[in-house]
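1. What shape does this take:
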Amino acid sequence: PAGYEAQVRPRSGLAIKKGITVLNSPGTIDADYRGEVRVILVNLSQESFEVKDGERIAQMIIARHEQAEWETVNALEESQRGAGGFGSTGIQ
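-> Take a look at the predicted model:
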């Protein structure tokens, strides 16, 4: 329903035991999506891995989310961060 999304997340046991995890995690499935749900997996191990029918490779939760209403402005207020991007706020 509107105001909710499904989130696809990795299974911790599969990641620890086999090195298999979900890319783009959590993956978002919008409330109005009607297609087949697919999961993007990555194998971080040196061993081959084949997904078998019925195997649990990910987990999905349903989460409520807010929908922002955007407002057009002519200028933004200054902030301490400014336009600093990746790494600009330090690590501590």
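
2. Helices along this structure, start to end?
-> Counting by DSSP state H, the chain has helices at residues 12-18.

3. got any ranges where it has weak pLDDT?
-> Applying pLDDT under 70 to the chain flags the ranges 92.

4. Using the centroid of it, identify the residue furthest from it.
-> residue 74 (32.1 Å; CA atoms, centre = their mean).

5. Over to it: give its phi and psi.
-> Backbone torsions for residue 74, taken as degrees, to the nearest 10, come to phi -80, psi -30.

6. Share the number of residues neighbouring the closest residue in space to residue 89 that isn't next to it in sequence, please.
-> Among residues not flanking residue 89 along the chain, residue 81 sits closest, at 6.4 Å (CB to CB, 6 or more residues apart in numbering). C-beta here means a position set from N, CA and C on the backbone, and glycine is covered the same way. A count of nearby residues for residue 81, using other CB atoms under 10 Å, gives 9.

7. which residues does residue 31 contact?
-> Counting by CB atoms under 8 Å, 6 or more residues apart in numbering, residue 31 touches 1-5.

8. Give me the buried subset of those residues.
-> Buried residues within those, counting neighbours by 16 or more other CB atoms under 10 Å: residue 5.

9. Among the contacts of residue 31, which one lies nearest to residue 17?
-> residue 5 (28.7 Å; CB to CB).

10. And the most centrally placed residue in the chain, how far from residue 43?
-> Note on the chain: the residue nearest the mean C-alpha position is residue 26, at 2.2 Å, using CA atoms, centre = their mean. Distance, residue 26 to residue 43, using CB to CB, to the nearest Å: 19 Å.
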